[in-house]
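*Asks:* requesting a structural model of the entry that follows:
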Amino acid sequence: MMDEKEIASLSEDGQSLCANEGVPQYDLPLNLFIGDKRKVPLVDVVVWAKKRIFPKNRMDCKEILKMMGLPDYNAWEIVKRTNACLMEDPYWLRFSENETFEDTTRGRARKIMNEDQKSS
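*Replies:* Residues are numbered from 1 along each chain as shown. So this is what the prediction gives:
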């Protein structure tokens, strides 16, 4: 996903992430869809996603894990809870059809900023 726009989806066999038809190459994450790639093995997606979460040695790691309801640092569980969403770029992973951009960190921040602008 790129904010509200679906830019890629799972292949029919569930083994790859494929750029959707009509999505320009420049809209795809450069460090995932390298060069002119339009299809990425799922293992590469997992590696990419794990680079998009807080590190195990972060000072407040235990507090964050507690807020997330996680007993231990589990990178993939953190990815699923954060959708691998960063504030610095528009990319995130959707794990179910029910998840929307508004559920992500960027989506919630945008909503707060829009509400603040309306009240000003």
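
*Asks:* for the protein, just list every one of the strands.
*Replies:* Assigned by DSSP state E, the chain shows strands spanning 8-10, 16-19, 39-41.

*Asks:* nearest to residue 95, of these?
*Replies:* strand 8-10 (10.8 Å; CB to CB). In this view, the C-beta of every residue, glycine as well, is placed from N, C-alpha and C.

*Asks:* this protein: helices as residue ranges?
*Replies:* Taking DSSP state H to define them, one finds helices in the chain at 42-50, 61-68, 75-82, 105-119.

*Asks:* buried stuff in the third one?
*Replies:* When you say that, I think you mean helix 75-82. 77, 78, 79, 81, 82 (16 or more other CB atoms under 10 Å).

*Asks:* doesn't residue 53 make contact with the last one?
*Replies:* It stands for residue 82. Yes. Counting by CB atoms under 8 Å, residue 82 does reach residue 53; the two are 6.1 Å apart.

*Asks:* circling back: which one of the buried residues of helix 75-82 sits closest to residue 115?
*Replies:* residue 82 (22.4 Å).

*Asks:* and residue 92, how far is that from residue 75?
*Replies:* Using CB to CB, to the nearest Å, residue 92 is found at 16 Å from residue 75.

*Asks:* quick one: contacts for the residue nearest to the spatial centre of the chain?
*Replies:* Taking CA atoms, centre = their mean, the centroid of the chain lies closest to residue 92, which sits 2.2 Å from it. The neighbours of residue 92, taking CB atoms under 8 Å, 6 or more residues apart in numbering as the test, are 1, 83, 84, 85, 101, 104, 106.
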